[in-house]
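Trainee: here are the coordinates; sequence isn't available:
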């Protein structure tokens with residue numbers, strides 16, 4: 001297994017875990033834990049899809065990461081108010 005594949009599998013696991021936690025109502029969708037798992041997961045899949053030149057999947061995960069970052073940033077700014 002290549003390092004790229006390992007990073008991709010870890011990323012996939014993070015996204016699946018995030019989805020499970022929200023679906024089972026163990027965390028909310030705006031929870032930092034959920035968003036961090038999504039961010040780490042998207043990054044892992046971005047690394048793997050870049051090395052595989054799987055551009056549609058890479059684009060999806062870049063957008064996924066941007067959404068997670070935006071939610072984390074907005075959550076922090078709201079908590080400072």
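Mentor: That came through, no problem. Quick caveat, the model's predicted, so the values are computed rather than measured.
Trainee: how many residues are close by residue 59?
Mentor: By other C-beta atoms under 10 Å, the residues close to residue 59 number 12. Backbone N, C-alpha and C define where each C-beta goes, glycine included.
Trainee: any idea how far it is from residue 75?
Mentor: 25 Å (C-beta to C-beta, to the nearest Å).
Trainee: with residue 31 instead?
Mentor: Using C-beta to C-beta, one gets 9 Å for the distance from residue 31 to residue 75.
Trainee: other SSEs contacting the helix or strand hosting residue 66?
Mentor: When elements are assigned from DSSP states H and E, residue 66 belongs to helix 55-80. If you count contacts as 3 or more C-beta pairs under 8 Å, 6 or more residues apart in numbering; DSSP states H and E, helix 55-80 packs onto helix 32-52.
Trainee: list the buried residues of the lowest-mean-pLDDT helix or strand in the chain.
Mentor: One helix or strand of the chain scores below all others by mean pLDDT, DSSP states H and E: helix 55-80, with a mean of 88. Within helix 55-80, the residues that count as buried by 16 or more other C-beta atoms under 10 Å are 58, 61-62, 64-65, 68, 71-72.
Trainee: can you check stretch 2-15 too?
Mentor: 7-8, 10-11, 14-15.
Trainee: contacting residues around that stretch?
Mentor: 37-38, 40-49, 51-52, 61, 64 (C-beta atoms under 8 Å, 6 or more residues apart in numbering).
Trainee: those, buried ones only, as a PyMOL selection?
Mentor: In PyMOL, a selection of the buried entries from the contacts of stretch 2-15 looks like this (16+ other C-beta under 10 Å):
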select buried, resi 37+38+40+41+42+43+44+45+46+47+48+49+61+64
